[in-house]
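S.K.: when you get a sec, could you give me coordinates for this:
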Amino acid sequence: MRLKILFCFLFCLSLFNTEAQTRLKPYDDYINEFAGIAIAQQKLHAIPASITLAQGMLESGAGLSEMAKQSNNHFGIKCHNSWKGETVTFFDDGMNSCFRKYDRVEDSYEDHSQFLVQGKRYAFLFQLDVTDYKGWAYGLQKAGYATDRTYGEKLIRIIETYDLNDYTKGKSVKQNKEKNKDKVEKKSRSDKKAERDAKRAERNQRSEAERSGKLNNDALKNAKDYNAMDRKKTDDVINPLASHEIGYVGTTPYIVAQYGDSFAGIAEEFGITVRTIRNNNDFPTDYTLTPGEFIYLDKKSSWWEGEYPIHRAVTGDTWFSIAQKYGLQLKALYKLNNMNPGDPIKSGQKIKLRNPEQMSNIMKAMTGAFNKQDSTTVK
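M.R.: Numbering: from 1, shown residues only. From the prediction side, this is the model:
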């Protein structure tokens, strides 16, 4: 009964972020390359292809993480005493940890299947319908596959954004490519129109300001949130690395800006528009990127999905920097704290990250149920 109640809480939690999500090119490329292997694993081991793909995409950063590139380990499986193969060491959960190394990515997929099939804590998952991706996602989290309290939500978001359950239900990679091609073409036309409309509105706004002899009254730009930070201007060139590992704050994907990054380069890499990047991150039109800062690839949340609902401000904090740290929409952060753009922040001030009265029971339920040891560290 408690488990059913918990799942109801989690289902309600998912409704807060029910919006159309942005498809990212590296994830689409990953699906095109590895969906066939995931489908084969489902036929062999009855593990949903949607779950296998989502875990592979999440754990390996769409195959771009250093671990994935160095060891072909796409599922973050650690060594354990039983592992006799090659190993690599990576920093994880506050310590250097031993991870399995494979000759091929296909070997990683097979070992992931065996890890679930042979693990007693995962046995209950195989009683679920293979198309029940939500049950599998929350079940993996409950069983302790990862310590991340939003692990199930991340998997569900990926599965729904990229229609991965279609593969579980029997659609071929070719069929989904055709379906997604139509979606991409429609989205591209829509994005181009939105970009033209935005540029037109910006020109009109600038002309209006010039005629009235006033500066563009952009509330976010003039809030001093951006100018208060020590920023170093980067060259407006495409990063020669042309590759970023995708991470997550809550369930929102992000990358870390590198030296030489530009909006145009990032937009090309991830198959989204410059306007989308600016809107996702509350960046004004004249914003320049700084190496090391977070750049969100999808719309940020309207409330913090982590454990603690309060941020204690320190010297140098701004509304913008706090919003970026927690993956929050800037306007939502203002609203939560009954503040306006430009209002000062004092050191030690308590900044609400969500409505405690509204969210505390859900977070308590999640914390109590999922505060377990990561299964990949169990010997």
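S.K.: show me where the chain has helices.
M.R.: Counting by DSSP state H, the chain has helices at residues 2-15, 25-45, 49-60, 66-71, 105-118, 133-143, 151-161, 165-168, 173-212, 263-270, 274-281, 319-326, 330-336, 356-370.
S.K.: considering those helices, which stretch scores lowest in mean pLDDT?
M.R.: Across the helices of the chain, helix 2-15 has the smallest mean pLDDT, namely a mean of 44.
S.K.: for Ala148, give me its contacts.
M.R.: Rather than Ala, residue 148 is Asp. Contact analysis of Asp148 by CB atoms under 8 Å, 6 or more residues apart in numbering lists Gln141, Lys154. Using the backbone N, CA and C atoms, a C-beta is placed for each residue, glycine as well.
S.K.: could you do Gly63 as well?
M.R.: The neighbours of Gly63, taking CB under 8 Å, 6+ apart as the test, are Pro26, Tyr30, Glu33, Phe34, Gly56, Met57, Lys69, His74, Val105.
S.K.: pick the one among those closest to Leu297.
M.R.: Minimum distance to Leu297 across the contacts of Gly63 is 9.6 Å, recorded for Pro26 (CB to CB).
S.K.: what about the closest residue to the closest one other than its chain neighbours, distance to Asn340?
M.R.: Spatially, and ignoring its direct neighbours in sequence, Pro26 is nearest to Ala62 (4.0 Å; CB to CB, 6 or more residues apart in numbering). Distance, Ala62 to Asn340, using CB to CB, to the nearest Å: 39 Å.
S.K.: who has more neighbours, those two?
M.R.: Looking at Ala62 and Asn340 with other CB atoms under 10 Å, you find the greater number of neighbours at Ala62, namely 27 against 11.
S.K.: pLDDT value on the residue nearest to Pro26, please?
M.R.: Ala62 is given a pLDDT of 93.
S.K.: which residues touch it?
M.R.: Leu24, Pro26, Tyr27, Asp29, Tyr30, Ile246.
S.K.: gap between the two ends of stretch 71-91?
M.R.: Stretch 71-91 has an end-to-end distance of 14 Å (criterion: CA to CA, to the nearest Å).
S.K.: do stretch 125-136 as well
M.R.: End to end - CA to CA - stretch 125-136 spans 6 Å.
S.K.: contacts for it?
M.R.: 11, 42, 46-48, 50-51, 54, 116-117, 139-140, 143, 152, 155-156, 159, 164-165, 168-169.
S.K.: recalculate using a threshold of 7 Å.
M.R.: With contacts defined as CB atoms under 7 Å, 6 or more residues apart in numbering, stretch 125-136 is touched by Gln42, Ala46, Pro48, Ser50, Ile51, Gly139, Ile156, Ile159, Asn165, Thr168, Lys169.
S.K.: and for Phe99, the neighbour number?
M.R.: Neighbours around Phe99, by other CB under 10 Å: 20.
S.K.: ok, the nearest residue to Glu106 once chain neighbours are set aside to Lys43 distance?
M.R.: Spatial nearest neighbour of Glu106, chain neighbours left out: Ile37 (5.8 Å); criterion: CB to CB, 6+ apart. Using CB to CB, we find Ile37 at a distance of 11 Å from Lys43.
S.K.: between the two, point out the one with more neighbours.
M.R.: Set Ile37 next to Lys43 and count neighbours by other CB under 10 Å: Ile37 wins out with 20 against 9.
S.K.: that one contacts Tyr109, correct?
M.R.: Yes - Ile37 lies in contact with Tyr109 (CB atoms under 7 Å); the separation is 5.0 Å.
S.K.: returning to that earlier point: of the contacts of stretch 125-136, closest to Asn280?
M.R.: Ile156 (20.1 Å).
S.K.: what's near enough to touch the residue nearest to that closest one when sequence neighbours are not counted?
M.R.: Distance criterion CB to CB, 6+ apart; nearest residue to Ile156, sequence neighbours excluded, is Ala137 at 5.0 Å. Ala137 is in contact with Ile51, Gly152, Leu155, Ile156, counting by CB under 7 Å, 6+ apart.
S.K.: including distance to Phe283 and neighbour count, could those residues go into a markdown table?
M.R.: Putting the contacts of Ala137 into a markdown table (distance: CB to CB, whole Å; neighbours: other CB atoms under 10 Å) gives the following:
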| residue | distance to Phe283 | neighbour count |
| --- | --- | --- |
| Ile51 | 35 | 29 |
| Gly152 | 31 | 27 |
| Leu155 | 29 | 28 |
| Ile156 | 28 | 22 |
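S.K.: reformat the residues you listed as TSV; add distance to Lys346.
M.R.: Putting the contacts of Ala137 into TSV (distance: CB to CB, whole Å) gives the following:
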residue	distance to Lys346
Ile51	46
Gly152	37
Leu155	40
Ile156	39
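S.K.: go through the residues you listed and say which is closest to Asp92.
M.R.: Using CB to CB, Leu155 comes nearest to Asp92 of these, at 18.8 Å.
S.K.: can you tell me how far the closest residue to the closest one other than its chain neighbours sits from Asp129?
M.R.: Leaving aside its sequence neighbours, Leu155 sits nearest to Ala137 (CB to CB, 6+ apart; 4.0 Å). For Ala137, the distance to Asp129 equals 13 Å [CB to CB].
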